[in-house]
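Q: Kindly generate the corresponding structure for this input.
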Amino acid sequence: MTHMMLARYGAMRTIGTFSANLKKLRLGDRCILRSDRGTEWGEIISEPDRVDGPSGAKTDGTVLRRVTPKDYEHRREIEEVEQTKEYTFCSDKIKERQLPMRLASVEHIFGGEKIIFYFLADGRVDFRELVKDLATEYRTRIELRQIGVRDEARLLAEYEHCGRELCCRTFIKDLEPVTMRMAKLQKTTLDPTKISGRCGRLMCCLRYEDETYTELKRNLPKKGTRVRTSDGVGEVVSSEILAQIVSLELPDRRMLKVKRDEILEVLPEEKPQRVKRARRDDGPGRADQPGQPSQQGRSRRRSGDRSRRRRERPRPAGEAKPPQADVRERQPEQRQPQPADKRNAPRQRRGKPGQRRDAPAGARPPRQEGRRPQEPPQERAAPPAEKTQEEPKKQEDDWVPDEWWEDTDEREN
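A: Just a heads-up that it's a prediction; the model follows:
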């Protein structure tokens, strides 16, 4: 016949599930346990449950026996003599090797299988040489464990400023984070010295009460909500979560406290109407007239009207309109199949751009429609020499009419 129970053991007050074949075990009994660390001193914190047959539940160890008077003497010797010597020796070695760590406590397992040294440090510490010194001195398994300030309070402190034993030493198994939002929800003082525990952090009791406060707050209307009661409509100013009471401000500036059951109706929130502001381009005091576009439409089209007026503005007298090139859409050229005798013929050398291959040398290139003819580059004329004599005036016989040049160009083409 097997019994299952909860037991607390170790310096960190760890809680685990243990099995035992002993009879007449009761809540609060001191016993010797077998855990994964070795033989330890423990305390039963729950009533044993009887289990018939083999149990498939996972356990942390086994209860060996109840404690005896010799066990009490052995434990007193460990705490007063051996742990004190081990703490002093380890502290001296830390100073000797100048390690950036501070020793917090030492735990000597009841059976002597292991010695655990708890220390605090800002970062990682290379303590391999320190472990060698400790193992050489005590000839047993050595473990160095880095902890935080909350674990240090669990190891060393006993009572909180409320007068009760520390929560982390009595019933809290895992240390979970505590935030300032939990303190604000419970409407406690925000003075850090009054809501901080022995570890210097926020008290653990703010954590396990947060769920209750959150559930009760859901039943109350939010701040700023308008509610209807038997005395009229009022706005929620504040609330008392545990008492389930809300404070209302009535239209005549009177304050009224009502319970949650006295609220008849929670009125929906009124959405504020959006005020349409006039644009800067529209100008103040201009209203839309019926049958005309709105001021918003005029301002949107104003930028397009400016560009259109710029294109359509009248030209001054005597200014000619700039010529526009006649640009036509070019049609893709269709390649015609060449005869077989021309495919194997040697390729002819290309001529100048714009000149046909069969055109005689010196012929002018054909004029392309829609484009201006390109004039050949003119050579720079040499600077005129200094005049020594007056140049004779041109005779009237040197003048040639323009028609003669045009006729010459046609004949050349």
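
Q: in the chain, which spans are strands?
A: Listed in chain order, the strands of the chain (DSSP state E) span 2-9, 14-20, 30-34, 39-44, 49-51, 61-66, 102-108, 114-120, 141-146, 226-229, 232-240, 245-249, 255-259, 265-266.

Q: Pull out the buried positions in the second one.
A: Neighbour-count burial for strand 14-20, with 16 or more other C-beta atoms under 10 Å as criterion, is recorded at 15-16, 18-20. Any C-beta I mention is one placed from the backbone N, CA and C, and that applies to glycine too.

Q: beta partners for Phe18?
A: Met5, Gly61 (DSSP bridges).

Q: thinking it is in contact with Gly61, fair?
A: Yes: using C-beta atoms under 8 Å, Phe18 is in contact with Gly61, at 5.2 Å.

Q: As a check, name the ranges of all helices in the protein.
A: All helices of the chain, identified by DSSP state H, fall at 69-77, 83-97, 128-138, 149-156, 167-170, 180-185, 192-195, 205-208, 210-218, 295-312, 340-343, 402-412.

Q: Contacts only, for Gly28.
A: Listed by C-beta atoms under 8 Å, 6 or more residues apart in numbering, the contact partners of Gly28 are 43-45.

Q: OK, contacts around Glu137?
A: Glu137 touches Phe89, counting by C-beta under 8 Å, 6+ apart.

Q: Could you do Lys58 as well?
A: Thr17.

Q: if we can go back for a sec, common neighbours of Phe18 and Gly61, please.
A: By C-beta under 8 Å, 6+ apart, the residues touching both Phe18 and Gly61 are Leu33.

Q: And Phe119, how far from Glu129?
A: Counting by C-beta to C-beta, to the nearest Å, the gap from Phe119 to Glu129 is 15 Å.

Q: And Thr170, by the same measure?
A: Separation of Thr170 from Glu129 (C-beta to C-beta): 39 Å.

Q: cool, and Ala20?
A: 43 Å.

Q: that older thread, can I get the strands of the chain in TSV with mean pLDDT and distance to Phe89?
A: Putting the strands of the chain into TSV (pLDDT from 0 to 100; distance: least, C-beta to C-beta, whole Å) gives the following:
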stretch	mean pLDDT	distance to Phe89
strand 2-9	88	25
strand 14-20	88	26
strand 30-34	92	27
strand 39-44	92	23
strand 49-51	83	44
strand 61-66	91	30
strand 102-108	93	10
strand 114-120	94	10
strand 141-146	93	12
strand 226-229	90	69
strand 232-240	89	57
strand 245-249	91	61
strand 255-259	90	65
strand 265-266	86	69
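
Q: So which of those strands is nearest Thr214?
A: Thr214 sits nearest to strand 232-240 of all those, at 13.5 Å, using C-beta to C-beta.

Q: The closest one to strand 255-259, inter-axis angle?
A: 70 degrees (axes from the mean of the first three to the mean of the last three C-alpha atoms, to 10 degrees).

Q: Just give the strands next to strand 232-240 in its sheet, each with its orientation.
A: Strand 232-240 sits in its sheet next to strand 226-229 (antiparallel), strand 245-249 (antiparallel), going by DSSP bridges.

Q: And for Lys95, the neighbour number?
A: Lys95 has 8 neighbouring residues, counting by other C-beta atoms under 10 Å.

Q: The one 5 residues further on too?
A: Residue crowding around Pro100 was assessed by other C-beta under 10 Å; the count is 11.

Q: Could you check how far Ala57 is from Glu40?
A: From Ala57 to Glu40 the distance is 20 Å (C-beta to C-beta).

Q: who has more neighbours, the two?
A: Glu40 (24 against 8).

Q: quick one: contacts for that one?
A: 9-10, 32-34, 109-111.

Q: returning to that earlier point: among Phe119 and Glu129, which residue is more densely surrounded?
A: Phe119 (21 against 10).

Q: my guess is that one meets Leu103, correct?
A: Yes: assessed by C-beta under 8 Å, Phe119 is found in contact with Leu103 at 5.1 Å.

Q: pLDDT below threshold where in this protein?
A: 1, 53-56, 271-413 (pLDDT under 70).

Q: Quickly list the domain ranges of the chain.
A: 2-67, 73-147, 173-215, 221-266 (automatic domain parsing).

Q: Of the ones you listed, which is nearest Ala153?
A: domain 173-215 (3.8 Å).

Q: so how many other residues sit close to the residue lying closest to Lys259 once chain neighbours are set aside?
A: Spatial nearest neighbour of Lys259, excluding adjacent residues (C-beta to C-beta, 6 or more residues apart in numbering): Ile245 at 5.6 Å. Per other C-beta under 10 Å, the neighbour tally for Ile245 reads 15.
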